[in-house]
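Q: need a 3D model of the sequence below.
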Amino acid sequence: MTRTTISEEDEGKRVVNQNSDTVGMISGVRNDTIYVDPDPGLTDKIKSTLGWDDIEEGDYPLKQSHIDTITDDEVRLKR
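A: Down below sits the predicted model:
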(Lines give C-alpha, C1' and ligand atoms only; values in the text may rest on other atoms or scores of the structure.)
Protein backbone atom coordinates (compact mmCIF):
# COMPACT_ATOMS: atom_id res chain seq x y z
CA MET A 1 0.00 0.00 0.00
CA THR A 2 1.35 3.45 -0.87
CA ARG A 3 0.08 6.85 0.21
CA THR A 4 1.28 10.44 0.43
CA THR A 5 -0.27 11.59 3.72
CA ILE A 6 1.95 11.40 6.81
CA SER A 7 0.82 10.07 10.19
CA GLU A 8 2.32 9.18 13.56
CA GLU A 9 2.48 5.57 12.34
CA ASP A 10 5.40 6.63 10.12
CA GLU A 11 7.79 7.10 13.05
CA GLY A 12 10.79 4.80 12.69
CA LYS A 13 10.53 4.39 8.91
CA ARG A 14 13.53 4.86 6.65
CA VAL A 15 13.63 7.98 4.51
CA VAL A 16 15.05 7.32 1.05
CA ASN A 17 15.81 9.41 -2.01
CA GLN A 18 14.83 8.55 -5.60
CA ASN A 19 17.93 6.32 -5.89
CA SER A 20 16.76 4.30 -2.85
CA ASP A 21 19.68 5.61 -0.76
CA THR A 22 18.74 5.87 2.91
CA VAL A 23 19.04 9.48 4.09
CA GLY A 24 17.72 8.98 7.62
CA MET A 25 14.89 7.76 9.82
CA ILE A 26 11.68 9.47 10.90
CA SER A 27 12.13 10.42 14.54
CA GLY A 28 8.73 12.05 15.03
CA VAL A 29 5.64 13.64 13.48
CA ARG A 30 4.20 16.99 14.57
CA ASN A 31 1.67 19.24 12.83
CA ASP A 32 1.90 17.65 9.37
CA THR A 33 5.70 17.78 9.48
CA ILE A 34 7.94 14.77 9.90
CA TYR A 35 11.35 15.06 11.50
CA VAL A 36 14.27 13.13 10.08
CA ASP A 37 17.23 11.91 12.10
CA PRO A 38 20.07 11.73 9.55
CA ASP A 39 22.21 9.44 11.72
CA PRO A 40 20.01 7.30 13.99
CA GLY A 41 21.66 5.07 16.56
CA LEU A 42 20.33 1.85 18.05
CA THR A 43 18.59 3.71 20.89
CA ASP A 44 16.81 5.98 18.40
CA LYS A 45 15.59 2.97 16.41
CA ILE A 46 14.26 1.25 19.53
CA LYS A 47 12.43 4.40 20.69
CA SER A 48 10.80 4.78 17.28
CA THR A 49 9.80 1.13 17.21
CA LEU A 50 8.10 1.60 20.57
CA GLY A 51 6.33 4.71 19.28
CA TRP A 52 8.22 7.09 21.55
CA ASP A 53 8.56 10.48 19.89
CA ASP A 54 12.26 11.31 19.92
CA ILE A 55 12.68 14.59 18.02
CA GLU A 56 16.05 16.08 18.89
CA GLU A 57 17.89 19.29 18.05
CA GLY A 58 19.84 17.70 15.18
CA ASP A 59 16.73 16.36 13.43
CA TYR A 60 15.49 18.06 10.27
CA PRO A 61 11.88 18.97 9.45
CA LEU A 62 10.53 17.54 6.22
CA LYS A 63 7.28 18.96 4.89
CA GLN A 64 4.63 16.87 3.20
CA SER A 65 5.31 18.64 -0.11
CA HIS A 66 8.74 16.94 -0.31
CA ILE A 67 7.31 13.42 -0.06
CA ASP A 68 6.68 11.33 -3.14
CA THR A 69 5.19 8.19 -1.54
CA ILE A 70 4.92 6.44 1.81
CA THR A 71 4.92 2.64 2.03
CA ASP A 72 4.77 0.22 4.94
CA ASP A 73 8.58 0.37 5.19
CA GLU A 74 9.80 3.74 3.93
CA VAL A 75 9.18 7.34 2.97
CA ARG A 76 10.40 8.16 -0.54
CA LEU A 77 11.39 11.75 -1.31
CA LYS A 78 10.61 13.67 -4.48
CA ARG A 79 13.46 14.69 -6.76
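Q: just the mean pLDDT for the helix or strand containing D44, thanks.
A: Element membership of D44 [criterion: DSSP states H and E] is helix 42-49. The average pLDDT for helix 42-49 rounds to 70.
Q: partners of the residue nearest the centre of the chain in the sheet?
A: Centroid-nearest residue in the chain: I26, 2.5 Å away (criterion: Cα atoms, centre = their mean). In this structure, I26 bridges to V36 when assessed by DSSP bridges.
Q: do the same with I67
A: Beta-bridge pairing of I67 under DSSP bridges involves L77.
Q: identify the residues contacting it.
A: Counting by Cβ atoms under 8 Å, 6 or more residues apart in numbering, I67 touches T4, I6, I34, V75, R76, L77, K78. To be clear about C-beta, it is placed using only N, CA and C from the backbone, and glycine gets the same treatment.
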